[in-house]
Structures are given as structure tokens and as C-alpha cells.
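# Next come a sequence and a model predicted from it.
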Amino acid sequence: MKRSLTLRHQQGKTVKKNSKVSVETYAIAHEEFLACPVDQTACGRNTEFHGTFNVSGFELIPSVYTLPHGHRADPRVFGGYIDPTSSSSPFAPNATIHDIEIMIYERSGNTVGMRVPIQQNFKIDPTDTFYTTLWSGASSGDEALVPISWTSLEYDMDEAFYDEIKETIDFIEILVAVWRYVSPIVSLCLILVSGVTLYVRRALDRRLIDGDRYAMEAVQNNSRAMQSFSDKNLVSALKKKNSELDPNQTDAAPASATKVAFAV
């Protein structure tokens, strides 16, 4: 029909396919069935009565589509011989089976099923010889549409399709749970390992730095190590010199002489 249609969500018609997948039911909005001039957009489609879709440009015989049994269509489209309120009416419109329904999986926006019942109606001109025999109540000069047949175009995805969606949802939920609960624990462990590693490296670096500093200070002239080393050399040199001056004295003699000298 080369036109877009507005869909409207049907409350209370959610279809549950399994524990994780539900599809929503949509129907064609009421304003899409309005005729010109009530609906200005319908004026360019040569729609004289509401509830009709003029498809004369696509078929050899002038015709319009309606919903089965004239559901949601103006009764005048059939020449005025149909009274929907009469028990003898040949039409028995039923919204349950005669309305268009489109099933959409809202999480992805994909159409997963639909039911499109369509009734084909051919236009009959008053000049046709059998015109007055069809509708005795039709006035001369009127035109009407003859309902020929109706069919319902339906499809729905099989259960395996919805099971695959359920498995995908389960997998995503597991990933979310891992990200929400396991990832913080893993991150905390990594932080602790990093902290311990940094502490050990810092302790080792400090020990190496202290060793290098001790080696540098040990060779300095004003260091305690060097002072002790110099004092030891000085004592050795004095002992050697004293022994050279008085070879007969023992090591204890200089000490007593030194004591006496200090005493005086």
C-alpha cells in the first residue's frame, strides 16, 4: 500500500514465550482508518470511507481492502445494505480474529509475529446488469463494493528462536553478575598484590641504598671506620718505633714509662 502505519500498544495482550522472553501486541491506530477530510493525509489516497484502503492502482479491477466482515469500516462502503446491528447481517465482525495484530519484541524492536486479516472488495458500477439483483435496497446510480473473500496472513517465530533469545539473556546476566560481584573482588586482590610488591621492592631498594651509603661513608676520612683504622695504625707505629729505640724493653715498659711521664 506504499504507506506507513501508526501502531498502538495493546494493554493486557502481552504474550509470554518463556521465562525470559515476552512479546508485546500492537494494533493499527484508530486514526489510520479515518477517511478524508477527517484525516487530511487520507485525501491523497482516494479513501472515501473510513476503514478502507484503496488499492485500485495496483489491481486490474477497482477495489479496496478492508478488515474481514467490514470490521472498523464504514457500512456505506458496501452500498448501505449492511446493518451491523441487525441479527440478519451477513457480516459478523469480531475484533478477536478480524483485527490486525503485530507482535514485537520490545528489547530489540524486531517483529516476531503478526496476524493481518484482509478482505478484498471489488467495485461494482450501477451499469452492471447484475447490479440490482445483488442489493434490492440499493438505489439506482449508487456504486458499491462486493466483498469477494478474506484471508489472514499470519506468522510467528518458532520456540527454538525464543529459546536462543533466552540463552543469550542468561549469558548476559552471568556476565553482568561477574562484572558486578566478581570483578570488585579480583580488583581488590590485584590491588593488595600490587601493594605488597611495591612494599617489598621499596624495602629491597632501601637496603641496597643503605649498603651503598655505608660503603661510601666507610672510605671517607671523617668516618668512624676510618678513624678506628687510623688509631690502630698509629698504635702499631708507636710500638714499632719504641721497640727500635730500646730493643731490650718489652711491650709493657713503654706503657709504664708513659704512665710515669703522664703522672709527672
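That came in fine, so what should we check first? Residues are numbered from 1 along each chain as shown.
# counting contacts, what elements does the lengthiest helix in the chain pack onto?
Assignment by DSSP state H gives helix 183-218 as the longest helix of the chain. With contacts defined as 3 or more C-beta pairs under 8 Å, 6 or more residues apart in numbering; DSSP states H and E, helix 183-218 has these neighbours: helix 224-245. All C-beta atoms are positioned from the backbone trio N, CA, C, and that covers glycine.
# With just CA atoms, put the longest strand along the chain into PDB.
Across the chain, the longest stretch assigned as strand under DSSP state E is strand 110-124. In PDB, the C-alpha atoms belonging to strand 110-124 read as follows (Å, rounded to 0.1, in the frame of the first residue of the first chain):
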ATOM      1  CA  ASN A 110      12.100  -6.800  16.000                       C
ATOM      2  CA  THR A 111       8.700  -8.000  14.600                       C
ATOM      3  CA  VAL A 112       8.500 -11.700  15.700                       C
ATOM      4  CA  GLY A 113       4.900 -12.400  14.500                       C
ATOM      5  CA  MET A 114       1.800 -10.900  13.000                       C
ATOM      6  CA  ARG A 115      -1.700 -11.500  12.000                       C
ATOM      7  CA  VAL A 116      -3.000  -9.400   9.100                       C
ATOM      8  CA  PRO A 117      -6.600 -10.400   8.000                       C
ATOM      9  CA  ILE A 118      -7.500  -8.700   4.800                       C
ATOM     10  CA  GLN A 119     -10.800  -8.700   2.900                       C
ATOM     11  CA  GLN A 120     -10.800  -7.900  -0.800                       C
ATOM     12  CA  ASN A 121     -13.800  -5.900  -2.200                       C
ATOM     13  CA  PHE A 122     -14.400  -5.300  -5.900                       C
ATOM     14  CA  LYS A 123     -16.100  -2.200  -7.000                       C
ATOM     15  CA  ILE A 124     -19.500  -2.700  -8.800                       C
END
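# mind listing what's buried in it?
112-115, 117-121, 124 (16 or more other C-beta atoms under 10 Å).
# Looking at the residues you listed, which one is closest to Gly70?
For those, the closest approach to Gly70 (C-beta to C-beta) belongs to Gln119, at 7.5 Å.
# how near is the closest one to Ser183?
58 Å (C-beta to C-beta, to the nearest Å).
# if we can go back for a sec, possible to save the buried residues of strand 110-124 as JSON lines with pLDDT and distance to Asp156?
Rendered in JSON lines, the data for the buried residues of strand 110-124 read as follows (pLDDT from 0 to 100; distance: C-beta to C-beta, whole Å):
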{"residue": "Val112", "pLDDT": "94", "distance to Asp156": "7"}
{"residue": "Gly113", "pLDDT": "94", "distance to Asp156": "4"}
{"residue": "Met114", "pLDDT": "93", "distance to Asp156": "8"}
{"residue": "Arg115", "pLDDT": "93", "distance to Asp156": "9"}
{"residue": "Pro117", "pLDDT": "92", "distance to Asp156": "15"}
{"residue": "Ile118", "pLDDT": "90", "distance to Asp156": "18"}
{"residue": "Gln119", "pLDDT": "91", "distance to Asp156": "22"}
{"residue": "Gln120", "pLDDT": "89", "distance to Asp156": "24"}
{"residue": "Asn121", "pLDDT": "86", "distance to Asp156": "28"}
{"residue": "Ile124", "pLDDT": "73", "distance to Asp156": "37"}
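# from these, which two are the most distant?
The distance between the two most remote of the buried residues of strand 110-124 (C-beta to C-beta) is 39.7 Å, for Val112 and Ile124.
# Could you chop the chain up by domain?
Domain assignment of the chain by automatic domain parsing yields the ranges 7-157, 166-263.
# Any idea which of those domains has the lowest pLDDT on average?
In terms of mean pLDDT, the lowest-scoring of the domains of the chain is domain 166-263 (a mean of 69).
# by contact count, what packs against the longest strand of the chain?
strand 63-66, strand 101-105, strand 144-156.
# helices or strands up against the first one?
The helices and strands touching strand 63-66, judged by 3+ C-beta pairs under 8 Å, 6+ apart, are strand 53-54, strand 110-124, strand 144-156.
# Cool, thanks, talk later.
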